[in-house]
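**Student:** sequence unavailable; structure follows:
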RNA sequence: AUAGUAAGUCGGUCUGUCGCGCCGGUUAGGAAGAAAAAGGUACGCCUUUUAAUCCCCAUCGGUGAGGAAAGUCCGAGCAUCAUAGAGCACCACAGCGGUUAACGGCCGUCAGGCAGCAAUGUUUGGUCCCUGCUACAGAGACGAGAAAGGUGAAACGAGCACACUGUGGGAUGCAAUUCCAUGUAAACCGACGUCUGAGCGCUGCUCGCGCGAGUUGGAGGGUAGGAAGCGAAGAAGGACGUGGUAACACGCCGCUCAAGAUUAAUGACAGACACCCGUAAGGGCACAGAACUCGGCUUAUAGACUUGCUAUAUUU
RNA sequence: GCGGUGUUAGCACAUCGGUAGUGCAUCGGCUUCCCAAGCCGAGGAGGCGGGUUCGAUUCCCGUACACCGCU
């Protein structure tokens, strides 16, 4: 099983991200908000926590790393190629188990979206 | 011993599983294609071989957040603006002496106020010639005869800063700046101007100097990607010696020091140990994340340690 | 990352270092058959912690929060 998450799997570039957020569809998998868009090429993921809710940088880093690890360990369950953004939207700092559950739920939902299309 | 006070040091460690950025090596593959050689040609060029270089996959090795990385409050390096500057304005500092690349920092020291039994801490500190202010109260507040009493923070002698003196400061900041790529059209409405000079060039104003025929507002439209700056050695830290009360300076020692990302790496989970609280079960383990780089200051911070000094008590 | 601005009553804003005002809102009264408008009156404030000063919203230092600009 491949758990690696190299840089080519991350969504980069200011312009690409702007365009992605303009066109992308979104849904909520508490405490995450998921924005997605079908991709022709490989799957790329963006992960962040908002500065307005978490003023201290180390808290944002911590949450970003939790979400990233949860995605990394479950990425093989995701089918198809997507551009994907996960951002944290709860005011509280929640433990890893909660974040992991939310990511799994989001991946299941993505798979069912793919069947529809 | 307890309490206090000052200065300084540190601010977790290890193991397992799965991962990330950067640098270097190796193996395999791919892209583009300088140059050379050979062959072909319709003389435009085409094909093949070797292969610097680059990209990517795999793998191995190295390395990877702080004492405050924070606030952005000071001071510098560095970069651009004109190989033309001057004056004013503006801003900062302010006992005295020293220190430094520099500083508003740091060290020593003097005087006053406040807190404390004390060690000590904290705070203020150029000048009143000119200009201005001193409410209420008071006959009168810097103008005027004086004194006593009264008022008032202050009553003729002053206090203070917006005043004066001395010293220093050009402006803007890495979103600086340089290179590559991309974009930069015309027309329309308005303002100023073409040597009687609009505007631009070093910031606010004035002068001076240079360039100068177009400049500018509106409306509308477009680009905003990559590389360098940006990472090993320098105003660096440490040991020892000398000078100095000290900050610090000098000498000497191959003693130490390799993050460099860019929606942004430096991690996630599990376990053990150490430490703290508790009889135990058990619980706790701070503040906090590099973004060009240094020197300071300020603010946040669980806990641990070292040394000096002070007070109190006891013992010898 | 760098630079700048603000915080005064429930809201929007004033105020050379000398008793903190104005408008709207709120409450009470007058007026009206009742309401609105109008008139009279009342309550209510300097983000927080220090310093300078006889005296601080104003000057200085620290701190918290909010906002703006950059190519």
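**Tutor:** Okay, I see it. In this text the structure is predicted, and so the values were computed from the model without any measurement.
**Student:** tell me where the longest helix sits in chain A.
**Tutor:** The single longest helix within chain A, with elements called by DSSP state H, is helix A:96-116.
**Student:** what about that one, average pLDDT?
**Tutor:** Averaging pLDDT along helix A:96-116 gives 88.
**Student:** same check, this time on stretch A:75-84
**Tutor:** 83.
**Student:** how about the spatially most central residue of chain A, what does it touch?
**Tutor:** By Cα atoms, centre = their mean, chain A has its centre lying nearest to residue A:86, at 2.8 Å. Residue A:86 is in contact with A:32-34, A:45-48, A:67, A:71, A:103, A:106, counting by Cβ atoms under 8 Å, 6 or more residues apart in numbering. Where C-beta positions appear, they are placed from N, C-alpha and C, glycine not excepted.
**Student:** identify each buried residue in stretch A:2-20, please.
**Tutor:** Residues of stretch A:2-20 classed as buried: A:11, A:20 (neighbour count, 16 or more other Cβ atoms under 10 Å).
**Student:** neighbouring contacts of that stretch?
**Tutor:** A:35, A:37, A:42-46, A:68, A:71-73, A:75-76, A:83-85.
**Student:** those residues, buried ones only, as a ChimeraX selection?
**Tutor:** Per 16+ other Cβ under 10 Å, the buried members of the contacts of stretch A:2-20 correspond to this ChimeraX selection:
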select /A:35,37,43,44,45,46,68,71,72,75,83,84,85
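**Student:** from the contacts of stretch A:2-20, pick the one nearest residue A:60.
**Tutor:** Among the contacts of stretch A:2-20, residue A:68 lies closest to residue A:60 (Cβ to Cβ), at 12.2 Å.
**Student:** write out the residues of chain A neighbouring RNA strand B.
**Tutor:** Within chain A, the positions near RNA strand B by Cβ under 7 Å from any atom of the strand are A:2-8, A:10-15, A:17-18, A:46-48, A:56-59, A:61-62, A:64-66, A:69, A:72-73, A:95-96.
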